[in-house]
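Undergrad: Got a predicted model here, sequence first, then my questions.
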Amino acid sequence: IIIIMAALSKILAGSQFNKTNSAIAVAAVAAIYWASTRRGKKKAANGSRKLPDVPLVIGEQGDKKEKAAVDGVFFRRIFQILRILVPSFFSAEVGYILLIAAMLLARTYCDVWMIQNGTLIESAIIGRSIPLFKKYLFSFIYAMPAISLVNNLLKFGLNELKLRFRTRLSNYLYSQYLRGFTYYKMTNLDNRIANADQLLTQDVERFCNSVVDLYSNLSKPIVDIVIYVKKLTDSIGAQGPAYMLGYLMVSGLILTRLRRPIGKMTVQEQRYEGEYRFVNSRLITNSEEIAFYQGNQREKATIEVSFQKLVEHLRTFIVFRFSMGFVDNIIAKYFATVVGYLVVSRPFLNLAHPRHQHSSHSELLEDYYKSGRMLVMMAQAIGRIVLAGREMTRLAGFTARVTELMKVLGDLNKGKYERTMVSAQNKDSVESDVPLIPGSGKIVEQDHIIRFEHVPLVTPNGDVLVNDLTFEVKSGVNVLVCGPNGCGKSSLFRILGELWPLFGGTLTKPSNRKLFYVPQRPYMTLGTLRDQVIYPDTAQDMKKKGFTDEQLLGHLKEVQLENILEREGGWDAVQDWMDVLSGGEKQRMAMARLFYHKPQFAILDECTSAVSVDVEGYIYNHCREVGITLFTVSHRKSLWTHHEFYLHMDGRGSFEFKPISDDTVEFGS
């Protein structure tokens with residue numbers, strides 16, 4: 001490759017670049033292309049170490065791929081997003097769009113003025129006129145601050161518009177993503193989008209940058225073309241600029257057709273980037289478990305496979321862009337220049353043309369220089385428009401990704417989701433007597449009661465755990481939920497919390513604000529020690545409810561955690577609480593959080609497994625004293641005494657809901 005490059009540079013450096021040299025140059029470029037692709041394939045086939053076959057089940061549902069091309073669908077999508085980015089005509093974004101347009105127009109006029117002034121300076125030099133030289137040179141010096149201001153105002157407007165577009169779109173998407181339980185449903189119920197974080201961060205940023213850059217890259221050349229067409233029409237006639245515009249249309253259609261794969265490849269690139277980030281984040285999230293298993297080599301293989309997929313796609317993309325760049329340069333730059341020379345030469349080479357029948361040599365030179373410079377600038381503007389089609393095709397890929405996210409968010413907020421369902425032939429679950437339709441059940445809000453009436457316990461993918469669940473619990477009656485793993489204990493609570501859809505029957509329950517869930521591994525939020533007790537409330541919410549720090553300290557005393565206040569430095573101490581607090585302290589902190597919120601019903605999912613039996617007993621007694629009715633999942637026999645009923649599911653579709661008596665056989669240890 002180095003030898004070929006050296007030969008090519010020698011050819012290009014020659015004094016004559018004739019047809020033979022041109023053919024050799026094309027052959028050299030082709031040889032470079034062939035050598036680089038063959039080298040990549042050979043390296044992949046005979047690599048020093050073959051990566052293990054690691055299956056990655058990461059991706060969107062099915063094999064459906066969003067179409068990404070510059071067509072009617074793309075323009076409908078982009079206008080849909082633009083309504084979010086520019087909400088009204090009187091918004092600040094419109095002001096920045098107009099500022100950019102004004103600066104682009106001003107910069108074009110600056111370019112035209114500099115061409116004319118530069119021509120006058122050179123004419124003064126050739127004419128040996130010192131007064132004229134000083135006059136036009138000082139005119140240029142005086143104009144420099146204004147020209148610099150125009151250029152920097154343009155950059156400022158572009159950067160500010162990118163930021164405002166990103167702010168608008170991010171606020172809109174997060175308002176949809178964090179509405180209700182949509183963030184949970186996207187990950188756990190719907191499998192159309194695999195990496196929402198990638199879409200919400202990188203893809204949104206790249207889309208906003210791309211759309212603003214495209215606006216700038218299209219607006220400036222269009223303004224240039226309009227101004228230069230007018231100027232050139234006055235000097236060389238309308239026929240010349242018409243030829244240039246005709247070439248723009250023809251070359252644009254050809255290149256748009258050739259660039260179609262760029263949109264699809266952009267979408268695929270973002271998917272692979274998201275997958276690569278996902279496997280890295282999994283390693284961080286599960287580092288302790290992986291370390292215990294000594295699974296570093298397996299995780300390394302998984303990351304390498306994901307990275308290799310990304311690298312192979314990027315290499316394919318690079319080769320395609322190299323090929324398109326070669327064609328782009330010829331069509332958009334060099335042929336456009338050839339057309340420009342043909343157009344500008346017509347009035348000069350045609351001796352019968354009336355424009356220059358009586359012109360002197362210096363007048364011919366000055367007119368040719370001015371017209372030629374303008375025509376070159378117009379040719380460059382046409383080339384930039386043609387090349388902007390490449391960015392538009394890439395923008396189509398980002399647009400497809402963002403609109404796909406918007407569609408899924410809209411569906412989830414309407415209660416619709418798409419997921420691969422368990423087929424009746426392959427599943428070992430309970431047979432359902434009625435068709436399973438997500439959301440077909442009825443939820444009735446009523447205080448101080450939880451009632452399941454003929455509710456099928458079904459997972460989001462259609463796996464039936466219990467065909468017909470019916471029982472009733474009133475406030476003051478604690479229930480112990482037991483059964484083997486996979487029988488449906490957690491599924492029951494997800495349906496009760498409205499995280500999963502209801503596939504039938506009627507569920508009567510208080511509103512979600514009056515239900516509280518305490519998991520085995522409590523979530524510790526970012527913030528102060530106070531925030532850990534009052535989560536998800538803020539300090540302002542706490543004050544509105546009339547709570548004080550003394551009352552919060554009382555809740556810590558109720559779970560025997562008051563020493564943590566002095567140990568960590570007070571209520572306003574900020575720490576990484578997931579690491580600072582031990583497992584037992586986090587569970588007791590979650591119980592203090594429960595006492596702060598004081599709901600009608602609480603779901604305790606093995607939430608005292610790291611707490612001693614005596615502290616656990618005190619916590620359960622206090623729940624009864626303050627009127628919190630409990631649904632408890634636990635394998636400890638010591639907890640049976642704190643409950644009046646038990647709900648046992650056997651994992652084969654059957655359940656029993658009975659009062660706890662002296663004759664009840666206690667499960668657990």
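TA: Right, received. Where do you want to start? Here the structure is a predicted model, which means the values were calculated and not measured.
Undergrad: can you give me the strands for the stretch 351-500 of the chain?
TA: For the stretch 351-500 of the chain, applying DSSP state E, counting those that start in this stretch gives strands covering 442-445, 449-458, 464-474, 479-482.
Undergrad: got those strands as TSV, with distance to L199 and mean neighbour count columns?
TA: Any C-beta I mention is one placed from the backbone N, CA and C, and that applies to glycine too. Formatted as TSV, the strands of the stretch 351-500 of the chain follow (distance: least, CB to CB, whole Å; neighbours: other CB atoms under 10 Å):
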stretch	distance to L199	mean neighbour count
strand 442-445	30	12
strand 449-458	29	21
strand 464-474	32	18
strand 479-482	37	22
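Undergrad: Might you report the residue contacts of L412?
TA: Counting by CB atoms under 8 Å, 6 or more residues apart in numbering, L412 touches T182, K185, M186, L189, D190.
Undergrad: ok, how many other residues are close to the first one?
TA: In other words, T182. Using other CB atoms under 10 Å, T182 has 21 neighbouring residues.
Undergrad: pLDDT wise, what is the closest residue in space to it that isn't next to it in sequence at?
TA: Nearest non-adjacent residue to T182, counting by CB to CB, 6 or more residues apart in numbering: L412, 4.9 Å away. L412 is assigned 89 on the pLDDT scale.
Undergrad: just Q575 next, same as before
TA: 90.
Undergrad: Sketch out the low-pLDDT regions of the stretch 251-400 of the chain for me.
TA: Of all residues in the stretch 251-400 of the chain, those with pLDDT under 70 make up the ranges 288, 292, 347-348, 350-366.
Undergrad: what ranges do the helices span in it?
TA: 260-285, 287-293, 296-328, 335-349, 361-413 (DSSP state H, counting those that start in this stretch).
Undergrad: how about the ones you listed in TSV, adding distance to Q446?
TA: TSV is the format used below for the helices of the stretch 251-400 of the chain (distance: least, CB to CB, whole Å):
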stretch	distance to Q446
helix 260-285	39
helix 287-293	42
helix 296-328	49
helix 335-349	74
helix 361-413	25
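Undergrad: Compare those helices and report which one is nearest to Y596.
TA: helix 260-285 (28.0 Å; CB to CB).
Undergrad: List the residues that contact A124.
TA: Contacts of A124 (CB under 8 Å, 6+ apart): L132, F133, K135, Y136.
Undergrad: Among those residues, the buried ones, what's the ChimeraX command?
TA: Here the buried members of the contacts of A124 are turned into a ChimeraX selection, burial being counted by 16 or more other CB atoms under 10 Å:
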select :133,136
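Undergrad: Might you specify the subset of the contacts of A124 located within helices?
TA: The helices, defined by DSSP state H, take in L132, F133, K135, Y136 from the contacts of A124.
Undergrad: List the contacts of the last one.
TA: Going by CB under 8 Å, 6+ apart, Y136 touches N117, L120, I121, A124.
Undergrad: now those in CSV, with distance to D663 and pLDDT?
TA: Rendered in CSV, the data for the contacts of Y136 read as follows (distance: CB to CB, whole Å; pLDDT from 0 to 100):
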residue, distance to D663, pLDDT
N117, 105, 86
L120, 110, 85
I121, 109, 87
A124, 115, 85
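Undergrad: Of those, which is the nearest to L526?
TA: The closest of these to L526 turns out to be N117 (CB to CB; 58.9 Å).
Undergrad: Minimum distance to I318: which of the strands of the stretch 351-500 of the chain has it?
TA: Nearest of the strands of the stretch 351-500 of the chain to I318, taken as CB to CB: strand 449-458 at 47.7 Å.
Undergrad: what lines up beside that closest one in the sheet?
TA: Looking at strand 449-458 with DSSP bridges, its partner strands are strand 464-474 (antiparallel), strand 506-509 (antiparallel).
Undergrad: And those strands: which comes nearest H313?
TA: With CB to CB as the criterion, H313 lies closest to strand 464-474 of the strands paired with strand 449-458, at 40.2 Å.
Undergrad: Doesn't K658 belong to a strand?
TA: Yes: counting by DSSP: H, G, I helix; E, B strand; the rest coil, K658 is part of a strand.
Undergrad: ok, it - contacts?
TA: By CB under 8 Å, 6+ apart, the neighbours of K658 are F645, Y646, H648, T664.
Undergrad: Pull out the CA atoms of stretch 592-604 and give them to me as CSV.
TA: Provided in CSV are the C-alpha atoms of stretch 592-604 (Å, rounded to 0.1, in the frame of the first residue of the first chain):
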residue,chain,number,x,y,z
ALA,A,592,-37.7,3.8,58.4
ARG,A,593,-38.8,5.1,54.9
LEU,A,594,-41.9,2.9,55.2
PHE,A,595,-42.8,4.5,58.6
TYR,A,596,-42.3,8.0,57.2
HIS,A,597,-44.7,7.4,54.3
LYS,A,598,-47.1,5.4,56.5
PRO,A,599,-49.2,3.8,53.7
GLN,A,600,-52.4,1.7,54.1
PHE,A,601,-50.7,-1.4,52.8
ALA,A,602,-47.0,-2.4,52.6
ILE,A,603,-45.4,-5.2,50.5
LEU,A,604,-42.4,-6.6,52.3
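Undergrad: and that stretch, average pLDDT?
TA: Computed over stretch 592-604, the average pLDDT equals 91.
Undergrad: any idea how far it is from the chain center?
TA: Taking the mean of its C-alpha atoms, stretch 592-604 sits 36 Å from the chain's own mean (CA atoms, centre = their mean, to the nearest Å).
Undergrad: contacts for that stretch?
TA: Outside stretch 592-604, the residues that reach it (CB under 8 Å, 6+ apart) are 447-448, 450, 475, 493, 496-497, 509-510, 513-518, 522, 532-535, 537, 547, 552, 555-556, 558-559, 561, 622-623, 626-634.
Undergrad: try it again with 7 Å
TA: 447-448, 450, 475, 493, 510, 514-518, 533-535, 552, 555-556, 558-559, 561, 623, 626, 628-633 (CB atoms under 7 Å, 6 or more residues apart in numbering).
Undergrad: Pull out the buried positions in that stretch.
TA: Those would be A592, R593, L594, F595, Y596, H597, P599, Q600, F601, A602, I603, L604, for stretch 592-604 by 16+ other CB under 10 Å.
Undergrad: Among those residues, which are located in strands?
TA: F601, A602, I603, L604 (DSSP state E).
Undergrad: just those now: which is nearest M144?
TA: I603 (71.5 Å).
Undergrad: And the residue nearest to T182, how close does it get to G180?
TA: 9 Å (CB to CB, to the nearest Å).
Undergrad: about what we covered before: would you format the strands of the stretch 351-500 of the chain as a markdown table with mean pLDDT and distance to Y215 included?
TA: Formatted as a markdown table, those follow (pLDDT from 0 to 100; distance: least, CB to CB, whole Å):
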| stretch | mean pLDDT | distance to Y215 |
| --- | --- | --- |
| strand 442-445 | 92 | 47 |
| strand 449-458 | 92 | 49 |
| strand 464-474 | 90 | 53 |
| strand 479-482 | 90 | 58 |
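Undergrad: To M265, which of those strands lies closest?
TA: strand 449-458 (39.8 Å).
Undergrad: could you give the angle of that closest one to strand 601-605?
TA: 40 degrees (axes from the mean of the first three to the mean of the last three CA atoms, to 10 degrees).
Undergrad: still on that earlier bit, a markdown table please, covering the ones in strands among the buried residues of stretch 592-604 and showing distance to V327.
TA: Output for these, formatted as a markdown table (distance: CB to CB, whole Å):
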| residue | distance to V327 |
| --- | --- |
| F601 | 67 |
| A602 | 67 |
| I603 | 63 |
| L604 | 66 |
